[in-house]
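Undergrad: just a sequence and a predicted model for now, questions to come.
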Amino acid sequence: MKGNLIILTSPSGGGKGTLILQLMANNIGIGYSVSYTTRKMRDGEIDGRDYFFVDDDDFKARIANNEFLEYAEVHGNYYGTSKAVVDSHIAEGKDVILEIDVQGAKSVLEKMPQAVSIFIMPPSFEALSYRLTTRATETTEHLSLRLKNSFDEVREHKDFEYVVINDEIASATRRLESIILAERQKRVRQKEAIQDILNSFDASRQRITGD
């Protein structure tokens, strides 16, 4: 059985990165696709864990080599999702989660409409503004740009299958986890396992009833 592709998106500061860290700590069998970016590394981030931090020339070379499932320029920086990483997780039967911006999420959905799409909604503009301001990782210019873009980005929630309101990390993580676990139980996701069970019943019926 192949794994599910799970797309997690939100406006900048919506908390998707924090939620993913919580999910990974809960060990529910999810692979994380580390994206590539040309933006500067923030304090506390680790290359290869949070992002693969590359320069513009490296990123553009990867575009030319068709290495990205999607890529976009967001807030003045490039972000891209590796096709090889996503494909390897799914082929192994492991769910893989993508943490990407709204623009990139919609691009992936156009190519892979079967993906599970989840929009992380901040509880209010004030809460989003507070999160962005207090993390103190942006220049005034970049902070203003992210807040300005959020007005349009929150309206994009209607294009996603699920919406999780991130009003409190622990409860939002539980809701997010319940979506992922429920998706695994869908009939279409379990075709191979169900067929194996049906085959065992057919074999037993023939042996017991002679039919």
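TA: Yes, it's here.

Undergrad: for the residue most central in space within the chain, give the beta-bridge partners.
TA: Most central in the chain under Cα atoms, centre = their mean is L98, positioned 2.6 Å from the mean C-alpha point. Note on L98: beta-bridge partners I7, S33, judged by DSSP bridges.

Undergrad: quick one: it and G31 touch, right?
TA: No. Counting by Cβ atoms under 8 Å, L98 sits too far from G31 to count as a contact (10.2 Å). Using the backbone N, CA and C atoms, a C-beta is placed for each residue, glycine as well.

Undergrad: what's the separation between the residue nearest to the centre of the chain and A182?
TA: For L98, the distance to A182 (Cβ to Cβ, to the nearest Å) stands at 19 Å.

Undergrad: and the longest helix along the chain, what's its mean pLDDT?
TA: Ranked by residue count, the top helix of the chain under DSSP state H comes out as helix 191-209. If you average the pLDDT over helix 191-209, you get 91.

Undergrad: and that helix, how far from the chain's centre?
TA: In terms of Cα atoms, centre = their mean, to the nearest Å, the centre of helix 191-209 is set 37 Å apart from its chain centre.

Undergrad: do stretch 147-158 as well
TA: What separates the centre of stretch 147-158 from the centre of its chain is 17 Å, taken as Cα atoms, centre = their mean.

Undergrad: ok, stretch 96-109 next?
TA: The chain centre lies 6 Å from the centre of stretch 96-109; the measure is Cα atoms, centre = their mean.

Undergrad: ok, stretch 71-82 next?
TA: 15 Å.

Undergrad: mind listing what's buried in that stretch?
TA: Going by neighbour count (16 or more other Cβ atoms under 10 Å), the buried part of stretch 71-82 is Y71, A72, V74, Y78, Y79, G80, T81, S82.

Undergrad: pLDDT on that stretch, on average?
TA: For stretch 71-82, mean pLDDT is 89.

Undergrad: the particular helix or strand that has T173 in it - contacts with which helices or strands?
TA: T173 is part of helix 169-184, with elements assigned from DSSP states H and E. On a contact count with 3 or more Cβ pairs under 8 Å, 6 or more residues apart in numbering; DSSP states H and E, helix 169-184 meets strand 5-9, helix 16-25, strand 116-121, strand 162-165.

Undergrad: A61 is nearest to which of these?
TA: Closest approach to A61 among those is made by strand 5-9 (25.3 Å; Cβ to Cβ).

Undergrad: now that closest one against strand 116-121, angle please.
TA: 20 degrees (axes from the mean of the first three to the mean of the last three Cα atoms, to 10 degrees).

Undergrad: now the angle from strand 5-9 to helix 169-184?
TA: Strand 5-9 runs at 150 degrees relative to helix 169-184, counting by the same axes, to 10 degrees.

Undergrad: need the contact partners of strand 5-9.
TA: 16, 19-20, 30, 86, 90, 95-102, 104-105, 108-109, 112, 114-120, 160, 176, 180, 183 (Cβ atoms under 8 Å, 6 or more residues apart in numbering).

Undergrad: what strand or helix carries the closest residue to I90 other than its chain neighbours?
TA: Distances taken as Cβ to Cβ, 6 or more residues apart in numbering put G3 closest to I90, at 4.6 Å, once the chain neighbours are dropped. Using DSSP H and E, G3 falls within no helix or strand.
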